[in-house]
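S.K.: When you get a sec, could you give me coordinates for this:
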Amino acid sequence: MLVSKAGEVWVLTRLHFQLTLRRVALWKIYANSIGLRRTSEVLADE
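M.R.: As a prediction, the model looks like this:
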């Protein structure tokens, strides 16, 4: 019982970690695209 419970917790923790990493990666890509757009707008204004 203890072993299966620990394994379950480990799998859930690992899944959560992977999802968090994916979310962070997506957020960075999103932020980069906004940053690039703002930069191009600033350059266009000048």
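
S.K.: So which residues of this structure form strands?
M.R.: In the chain, no segments count as strands under DSSP state E.

S.K.: got any ranges where it has weak pLDDT?
M.R.: Applying pLDDT under 70 to the chain flags residues 1, 46.

S.K.: can you count the residues close to residue 10?
M.R.: Neighbour count of residue 10, defined by other CB atoms under 10 Å: 10. Where you see a C-beta, it was placed from the backbone N, CA and C, and this is true even at glycine.

S.K.: how much space is there between it and residue 17?
M.R.: Per CB to CB, to the nearest Å, residue 10 is found 10 Å from residue 17.

S.K.: How about residue 23?
M.R.: Distance, residue 23 to residue 17, by CB to CB: 11 Å.

S.K.: and for the two, which residues touch both?
M.R.: Common contact partners of residue 23 and residue 17 (CB atoms under 8 Å, 6 or more residues apart in numbering): none.
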